[in-house]
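Q: Here's a sequence, model it:
(one chain, ligands or ions: 1)
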Amino acid sequence: MAKLIPTATRYDRPDTPETLQRLIKNATGKPFLLAGGTSLGFSRPKTEHIIDLNRLPFRECRLTALHDLEIGALTTIGDLERHNDAKSFCGGILTQATDALASTPLRNLITVGGNLAAGYPWCDLPVAFLALNARLRCFDSAQTDCVSPKEISLPHDGQTTFKKLTENQFVSHIVLDGKYANARGAFTKFSRTSTDLAIITVAVTFIPDENSMRSVRVAVGGLVPVPQRLPEVEMMLEGQTFKNFEGQTFENSLFQEAGAAADVILRKDPRASDDYRRNVLKTLVTRTCIKATGVMANEN
Ligand SMILES: Cc1cc2nc3c(=O)[nH]c(=O)nc-3n(C[C@H](O)[C@H](O)[C@H](O)COP(=O)(O)OP(=O)(O)OC[C@H]3O[C@@H](n4cnc5c(N)ncnc54)[C@H](O)[C@@H]3O)c2cc1C
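A: A predicted model of the protein is given here:
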């Protein structure tokens, strides 16, 4: 660690949220909150103070009575991947996202909270979380009197970065909306190789009501600085039938129209041109919607 952050002169390893709040409040300068530590592969903070989160009791993952899935921020991607409640949540969308996230050794280091807070455009889980109407349970280190965590919703519009959200706060849990526990969902990642950083990610969720789609959420990442939803696409799909199209194939169905409507303001990415990424986005949105229905194309 000394080699990775040579400016560091102080290291703390709190075991309660109250101690962590006090440490952050009294820190001179901005401390580095160490979770999996893998972001040090991309950026080296010039900080004097490392606060290691790994002794905090935020590693549990459980389904609540309301069917919310509460994921401790220190849960590793590997643990989430193997967790039975996570596997069955919303058609297995979390497993699809974790399977595509980096390599197995890295998945055993990267934490769910770190994946959210790192704020890199290629982070996969925030896109799935946005489609799952996630809330972040946060402790505010600016107010040490307030020892209980507050819940905040993820931003919808891409204006607020996940990083900014956690500047004065640390995340203890990510809470996934129980409304989507038995819903349909799918996640697709487009990258150069199976373990490479995402160029585009798409997550789609909806609640089936007979044959109709309700509470549709379509989120994209990778090609935008922070994950964002596609409200126009969601509106096109809301209330529509997701199976038994008469005389239609999926490819000429509303899913293709929905894909065609998908558009965002792209961030720069030297790996692929803007035109190419726009086209792939449209195809991925169509395909992810089809995958989310769980209905095979030949069932039309
Ligand atoms: C080679 C490589 C490939 C990768 N590929 C992918 C990929 O394909 N997809 C993907 O999604 N990710 C990928 N990652 C991981 C990603 O880039 C980040 O490094 C990772 O998400 C950071 O998580 P961490 O637990 O290691 O956090 P850390 O590196 O420990 O911390 C990251 C940041 O988050 C803050 N932080 C951590 N936990 C909290 C918390 N609970 N509350 C508030 N702030 C917190 C820290 O202070 C720090 O600023 C890859 C990483 C590497 C090294």
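
Q: what about the closest residue to the ligand within the stretch 1-150 of the chain, how many neighbours?
A: Among residues of the stretch 1-150 of the chain, the one nearest the ligand by C-beta to the nearest ligand atom turns out to be Gly114. It sits 2.2 Å away. Using the backbone N, CA and C atoms, a C-beta is placed for each residue, glycine as well. Neighbouring residues of Gly114 were enumerated by other C-beta atoms under 10 Å; the total is 24.

Q: going forward can the numbers begin at 38, since that is how I track them
A: In the new numbering, first residue 38, that becomes Gly151.

Q: Wasn't it part of a helix?
A: Yes. Read with DSSP: H, G, I helix; E, B strand; the rest coil, Gly151 is one of the residues of a helix.

Q: Do you know the pLDDT at it?
A: Per-residue confidence for Gly151 comes out at a pLDDT of 95.

Q: what's the answer for Gly331, then?
A: 84.

Q: Just give the closest residue to it, not the sequence neighbours.
A: Setting aside the residues directly before and after it, Gly331 is nearest to Arg221 in space (C-beta to C-beta, 6 or more residues apart in numbering), at 5.7 Å.

Q: Can you give me the distance of that neighbour to Cys175?
A: For Arg221, the distance to Cys175 (C-beta to C-beta, to the nearest Å) stands at 29 Å.

Q: and what of Tyr313?
A: Noted for Tyr313: a distance of 38 Å to Cys175, by C-beta to C-beta.

Q: neighbour-wise, which of these two wins?
A: Neighbours around Tyr313 and Cys175, counted as other C-beta under 10 Å, are more numerous at Cys175. The numbers are 19 against 12.

Q: just checking, the more buried one is part of a strand?
A: Yes. When three-state DSSP is applied, Cys175 is found to be in a strand.

Q: which residues does the closest residue to it other than its chain neighbours contact?
A: Once its chain neighbours are removed from consideration, Cys175 has its nearest residue in Gln206; the separation is 4.0 Å (C-beta to C-beta, 6+ apart). Neighbouring residues of Gln206 by C-beta atoms under 8 Å, 6 or more residues apart in numbering: 175-178.

Q: Select only the buried ones of those in ChimeraX?
A: Taking 16 or more other C-beta atoms under 10 Å as the burial criterion, the selection of buried members of the contacts of Gln206 in ChimeraX is written as:
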select :175,176,177,178
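
Q: what about the residue nearest to Thr330 when sequence neighbours are not counted, how many neighbours?
A: The shortest distance from Thr330 to any non-neighbouring residue, by C-beta to C-beta, 6+ apart, is to Phe279 (4.6 Å). For Phe279, the neighbour count with other C-beta under 10 Å is 25.

Q: correct me, but Phe279 touches Pro245?
A: Yes. Shown here, Phe279 and Pro245 form a contact pair, counting by C-beta atoms under 8 Å, at 7.0 Å.

Q: which residues do those two both contact?
A: Once C-beta under 8 Å, 6+ apart is applied, the residues that Phe279 and Pro245 both contact turn out to be Arg221.

Q: Pick out the residue nearest the middle of this structure.
A: Pro163 (1.5 Å; C-alpha atoms, centre = their mean).

Q: Excluding its own residues, what touches the helix or strand harbouring it? List them.
A: When secondary structure is defined using DSSP states H and E, the element that contains Pro163 is helix 162-168. Under the contact criterion C-beta under 8 Å, 6+ apart, helix 162-168 has outside partners 114, 130-131, 133-135, 138, 149, 152-153, 191, 193, 199, 211, 213, 222, 224, 238-242, 254-259, 263-266.

Q: Among those, which ones are in helices?
A: Counting by DSSP state H, the members of those that fall within helices are 114, 130-131, 133-135, 149, 152-153, 199.
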